[in-house]
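>>> here are the coordinates; sequence isn't available:
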């Protein structure tokens, strides 16, 4: 029984650490003045790009290869943003 309790504690700690890392990455999205050049964003990487005073749009990196698999770069709408 003791072995199962230790294994559960380790799994719980790893889950908590993974959640913290993922949350920290999402919270630290960068705000840029202009959109990065093609190939500069990794697939799934998110940045905010200023599109007016107090406004920004979310840009998500996608497939960097023409004709490759997966979605290309995605642009969100220009929305009010504090940052």
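Thanks, I have the structure now. Remember, predicted model here, so these are calculated numbers, not experimental data.

>>> Can you spell out which helices and strands pack onto the helix or strand containing residue 49?
Assigned by DSSP states H and E, residue 49 belongs to strand 46-52. Secondary-structure packing of strand 46-52 (3 or more Cβ pairs under 8 Å, 6 or more residues apart in numbering; DSSP states H and E): strand 30-32, strand 55-60. In this view, the C-beta of every residue, glycine as well, is placed from N, C-alpha and C.

>>> which stretch in the ones you listed has the least confidence?
Lowest mean pLDDT within the helices and strands packed on strand 46-52: strand 30-32, at a mean of 87.

>>> Within the sheet, what are the partner strands of that one, with directions?
Sheet pairing of strand 30-32 (DSSP bridges) gives strand 46-52 (parallel).

>>> Identify the residues contacting the partner strand?
For strand 46-52, contacts defined as Cβ atoms under 8 Å, 6 or more residues apart in numbering pick out 26, 29-36, 41, 56-61, 78, 81, 83.

>>> is it fair to say residue 7 lies in a helix?
Yes. The assignment for residue 7 by DSSP: H, G, I helix; E, B strand; the rest coil puts it in a helix.
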